[in-house]
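Trainee: Sequence first, then the predicted structure:
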Amino acid sequence: MLEDLNEIKRIRKKHGLNQKELAEKADVSQSLIAKIESGKIEPSFSNAKKIFQALEELREKEELKAKNLMNKKIVFAKANDKVKDIIQVMKKKSISQIPVMNKNNICGLLTEGLILRKIAANPEAINQLTVEEIMEDAPPIVSIRTGLKVILELLKDNLIVLVAKKGDIKGIISKSDLLGKIE
């Protein structure tokens, strides 16, 4: 079935619900919940689906959201900034990646790794390079209501995730920010 029926009682108790409260949320009878939990019956597919959907909604409500995980102190580079100047900003602020703006839009990401590769290839060029010449693609941007599960998936393939509210960047979540907030 959708999930192991034996998990219903454990998940229900984890969320502090009694059988009647779960039944109301799932739009099924309390006696059905009791019979399922005691192993006396197996519910129809549609009733099992309703119950698990109600439990999933509870999990999503208590899941940490981007607004609770983000760091509100964001430092941006401009696309036309000199890389040597941004290196100083990164050192001063102890940051390893910096989102790049161009005309109030996020257009890329500059990282220590990119800078080091460019310096290794041509050390003299660092004094002339602009950020847009070496930046990589822009990081993903999520809503302040985006849940932890989605953010974790995005951070598997990205160094940072930007957080926006109605198109305005409100925060940043890096892997180290996230590790610092998870208990």
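Mentor: Right, received. Where do you want to start? Model, not experiment: these values are computed from the prediction.

Trainee: Give me the domain ranges for this protein.
Mentor: Taking automatic domain parsing as the reference, the chain has its domains at 7-62, 66-181.

Trainee: Work out the gap between the shortest one and the centre of the chain.
Mentor: What that stands for is domain 7-62. From the chain centre to the centre of domain 7-62 is a distance of 28 Å (CA atoms, centre = their mean, to the nearest Å).

Trainee: what are the phi and psi angles of N80?
Mentor: Note on N80: backbone dihedrals following degrees, to the nearest 10 are phi -90, psi 0.

Trainee: which residues does it contact?
Mentor: N102, T130, V131, E132 (CB atoms under 8 Å, 6 or more residues apart in numbering). Using the backbone N, CA and C atoms, a C-beta is placed for each residue, glycine as well.

Trainee: A66 too?
Mentor: So A66 contacts V142, S143, I144, R145, T146, G147, I151, V161, V163, G171, I173 (CB under 8 Å, 6+ apart).

Trainee: I figured the first one was touching I151, is that so?
Mentor: Yes: A contact is recorded between V142 and I151 when judged using CB atoms under 8 Å, the distance being 6.7 Å.

Trainee: Tell me where the chain has strands.
Mentor: All strands of the chain, identified by DSSP state E, fall at 77-78, 97-102, 105-111, 141-143, 160-165, 168-174.

Trainee: Of these, which is nearest L22?
Mentor: Counting by CB to CB, L22 lies closest to strand 141-143 out of the strands of the chain; the figure is 28.9 Å.

Trainee: hang on, isn't I151 packed against I173?
Mentor: Yes: at 6.1 Å, I151 counts as touching I173 under the criterion of CB under 8 Å.

Trainee: what's the overlap in contacts for those two?
Mentor: Counting by CB under 8 Å, 6+ apart, the residues touching both I151 and I173 are A66, L69, V161.
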